[in-house]
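Novice: based on what follows, work out the 3D shape:
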Amino acid sequence: MKKLLTAMALMTLFLAAPLKAQAQNPVGFGMLYYEGTVVGTVVPPASSPMEGRENFYAVPDQLAVIATAPGDKDYRGGKWAFHSVVFTGDADPIELTSETDVLQAAMDGDIMITRVPSMDFKCPVQP
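Specialist: Sure thing, here's the model as predicted:
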């Protein structure tokens, strides 16, 4: 139970938007980047370890980035495969707003991506 509560607390931190962004969110839950656009979650996240199918990138001090959204052929209803992103080196962190940005930053050596299956969760989004 303690592990579940810790996972839920961490997911809440990653999904929580800055106050300014929360004011723009009509749903009242978390906000994420998808292809350079801010999208909101529909329901609170539910733990679903080891079941993620869609990439979710938790980026420090930024909105998280998701790889798919409703309307994409690969969207599976928000079954997120959790990836932790860490900026490397002394350079200032860059804003990442799409999976393309995340993967390019990794190729450039600006970030490290770590897959964390125990943090997978379910949480639908609205475009």
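
Novice: what about the helices in the chain?
Specialist: Assigned helices in the chain, in chain order: 2-15, 19-24, 99-107 (criterion: DSSP state H).

Novice: those helices: lowest mean pLDDT?
Specialist: If you rank those by mean pLDDT, helix 19-24 sits at the bottom with a mean of 35.

Novice: does Y33 touch L96 like I think?
Specialist: Yes: Y33 lies in contact with L96 (Cβ atoms under 8 Å); the separation is 7.3 Å. C-beta: built from backbone N, CA, C; applies to glycine.

Novice: shared neighbours of those two, anything?
Specialist: By Cβ atoms under 8 Å, 6 or more residues apart in numbering, Y33 and L96 have these common neighbours: Q62, V65.

Novice: for the nearest residue to A67 once chain neighbours are set aside, grab the count of nearby residues.
Specialist: Nearest non-adjacent residue to A67, counting by Cβ to Cβ, 6 or more residues apart in numbering: N55, 3.8 Å away. Burial of N55 is recorded as 19 neighbouring residues (other Cβ atoms under 10 Å).
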